[in-house]
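Peer 1: Next input, structure requested:
(chains A and B)
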Amino acid sequence: ELKVEQNPLFLSMQEGKNYTIYCNYSTTSDRLYWYRQDPGKSLESLFVLLSNGAVKQEGRLMASLDTKARLSTLHITAAVHDLSATYFCAVDMLGNPPGGTSYGKLTFGQGTILTVHP
Amino acid sequence: EAQVTQNPRYLITVTGKKLTVTCSQNMNHEYMSWYRQDPGLGLRQIYYSMNVEVTDKGDVPEGYKVSRKEKRNFPLILESPSPNQTSLYFCASRYHSNTGELFFGEGSRLTVL
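Peer 2: Model prediction:
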């Protein structure tokens, strides 16, 4: 069974500081997604990482994927209050189930609750 | 505008009273899925559908039914809701079962008394 673990689960940051959220997963996959969720809202896609070494950047957020280490990182640069939200990584089960049947399931990490303080 | 639309957004009901949460997408996506989100448990897949008339169980299917008679619609049916089905439900779709990111609906918050 695929396991996806994020750390930290809670992150309290000061504005202007840098930090990294880590996403580890337990089985081979080269497709990883990052989502953002504001309280009571839906999940918004941030990044789609489709190969080893993929790096994507949008504003103060940068995501990377190391498939050999089964690790993705979400780096926050010079945090601002607007980044306060819950961040999820999700790993694509493509081809992973026994028999290789692809059924499109994304397995999510527990989420990291980010709070940025002035 | 490309979107996944769920209804109702909020619902309070009583144990045993059948209900349906509708989901519709306008992106011609083949793949659709239902997740529930609970504190401390994250998002768990309930059912998914790879195409019209093709559905299968996810990780937590007990107490739920789905159907996929048309490509755009994927309703979630609770035949006899129980309090442990109180949750935030998300419908999601993607172009194909192995292509593209998942697009999520706005969520449906269900309370079963």
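
Peer 1: How about the residues of chain A by chain B?
Peer 2: A:33, A:35, A:40-45, A:48, A:88, A:90, A:92, A:94-95, A:102-106, A:108-111 (CB under 8 Å from any CB of the partner chain). From N, CA and C alone the C-beta is placed, and that goes for glycine too.

Peer 1: among those residues, which are in strands?
Peer 2: Here DSSP state E is the test, and the residues of chain A next to chain B give A:33, A:35, A:43-45, A:48, A:88, A:90, A:92, A:106, A:108 as lying in strands.

Peer 1: Residue A:29 and residue A:35, how far apart?
Peer 2: Note on residue A:29: its distance to residue A:35, by CB to CB, to the nearest Å, is 16 Å.

Peer 1: Name the residue in these two with the higher neighbour count.
Peer 2: Neighbour comparison, residue A:29 and residue A:35: the larger count goes to residue A:35, with 24 against 19 (by other CB atoms under 10 Å in any protein chain shown).

Peer 1: So which residue is dead centre in the chain?
Peer 2: Chain wasn't specified; assuming chain A. For chain A, the residue sitting closest to the mean C-alpha position, by CA atoms, centre = their mean, is residue A:89 at 2.9 Å.

Peer 1: ah, I was thinking of chain B
Peer 2: Taking CA atoms, centre = their mean, the centroid of chain B lies closest to residue B:34, which sits 3.1 Å from it.

Peer 1: which SS class is residue A:113?
Peer 2: For residue A:113, the secondary-structure state derived from DSSP: H, G, I helix; E, B strand; the rest coil is strand.

Peer 1: residues of stretch A:9-24 that come out buried?
Peer 2: By neighbour count, with 16 or more other CB atoms under 10 Å in any protein chain shown as the criterion, the buried positions of stretch A:9-24 are A:11, A:13, A:19, A:21, A:23-24.
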